[in-house]
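Q: Need the 3D shape of this:
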Amino acid sequence: MTDDARNGLGRVGIWTFGFEGQSAGRVREAAAEIEETGYGAIWFGEAFGRDTVGQAWLLLSATRRITVASGIANIAFRDPIATATATRTLGEAFPGRYLLGLGGHRVDDTVHEVDGYPMPARGRAVATMSAYLDAMDAVPAHGPVPEPAPRRVLAALGPRMLELAADRTWGAHPYFVPVEHTVKARATMGPDAFLGVEQAVVLDTDAVRAREVATAHVAGYVAMAAHQQANVRRLGFGDEDIVGGPSRRLVDAIVAHGDVDAIRRRVREHLDAGADHVCIQVLTADPAALPDREWRELAPALLH
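A: Just a heads-up that it's a prediction; the model follows:
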């Protein structure tokens, strides 16, 4: 990935679920402060709060320069026609500033056909995503077509999805991954595809307290997200790291915790391993609160 291709994101951005529980006014204030602090991108998740399109519009309209990235827009929540037309609209209104991250999965073993494409099911993730991209690409443009077209990335973990990301989109946005995954992802996708990695962090020099927050975060994903558990198993973690709660080894691999220097080192490790961009997800004991203080405190070390 060349420096020109990275334009608009920088090396480090912010990743958060925190906007979903905040008022629109509070989201606008936080987004403007993140931009002024100097981070290159704002990544946001989609769960049970605002939908990804509304959240993207809110963040883009509150800022002037920063890239706003869905991390990710869940394909199980909307058909490809809606995604394609909404993406074009955001791209037209905010040229060059919207990045569409796509992902999503079903937790049962059924496949639902909707408008001719299969909804995700176990073992069908790559085929589903490929069909979804085909369907998006087939949507005709009856209005203005934004230039440049909004970039797309995939929430890719396994080798086949990483290959699809490199072949069909700008690149990949791996979530909940250690540095070892970044090494493998870069080797799989080759040198040209974009690799934007999420990194969870706890800025707290109290080691016991920091590890408690980190452990709660990791425990939730390995217990409830089969695809995340499968990914860490591919990286060499076994039952001793997962069953009955995450091991210290797994927690420390997924979450960087400690002082500013500890977090800076982890970000640098991802960049050295082949990441083009690292978006930090700051974890605190109160997941409903926006970690404004931590974002400000980390900025000098991460952005310079």
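
Q: Please tell me I have it right and residue 161 contacts residue 153.
A: No. At 11.3 Å, residue 161 does not count as touching residue 153 under the criterion of CB atoms under 8 Å. Bear in mind the C-beta positions are built from the backbone N, C-alpha and C, glycine included.

Q: the strands in the stretch 201-304 of the chain, which residues?
A: Secondary structure of the stretch 201-304 of the chain by DSSP state E, counting those that start in this stretch: the strands cover 255-258, 277-282.

Q: Could you pull up the mean pLDDT of the longest one?
A: In this case it means strand 277-282. Mean pLDDT, computed over strand 277-282, is 98.

Q: List the strands paired with it, with their directions.
A: Sheet pairing of strand 277-282 (DSSP bridges) gives strand 12-16 (parallel), strand 194-203 (parallel).

Q: Check the first one too.
A: Partners of strand 255-258 in the sheet, by DSSP bridges, are strand 194-203 (parallel).

Q: Now the strand it pairs with: average pLDDT?
A: Mean per-residue pLDDT for strand 194-203: 98.

Q: now do stretch 242-258
A: Mean predicted lDDT for stretch 242-258 stands at 97.

Q: Give me the distance between the two termini of it.
A: 23 Å (CA to CA, to the nearest Å).

Q: Sort out which residues of that stretch are buried, please.
A: Residues 242, 246, 247, 250, 251, 252, 253, 254, 255, 256, 257, 258 are the ones in stretch 242-258 that count as buried (16 or more other CB atoms under 10 Å).

Q: Closest to residue 70 out of those residues?
A: residue 254 (21.9 Å; CB to CB).

Q: I figured that closest one hits residue 179, correct?
A: No. Look at residue 254 against residue 179 with CB under 8 Å: they stay out of range, at 10.2 Å.

Q: rewinding a little: of residue 161 and residue 153, who's got more company?
A: More neighbours surround residue 153 than the other of residue 161 and residue 153, with 25 against 21 (other CB atoms under 10 Å).

Q: doesn't that one fall inside a strand?
A: Yes. Using DSSP: H, G, I helix; E, B strand; the rest coil, the secondary structure at residue 153 is a strand.

Q: Now render the strands paired with strand 277-282 as TSV, adding distance to residue 78 and mean neighbour count.
A: Listed next are the strands paired with strand 277-282 as TSV, based on distance: least, CB to CB, whole Å; neighbours: other CB atoms under 10 Å:
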stretch	distance to residue 78	mean neighbour count
strand 12-16	21	24
strand 194-203	22	25
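
Q: dump the residue contacts of the residue nearest to residue 182 when sequence neighbours are not counted.
A: With CB to CB, 6 or more residues apart in numbering as the criterion, residue 182 has its nearest non-adjacent residue at 4.1 Å, and that residue is residue 273. Residue 273 makes contacts with 179, 182, 183, 186, as judged by CB atoms under 8 Å, 6 or more residues apart in numbering.
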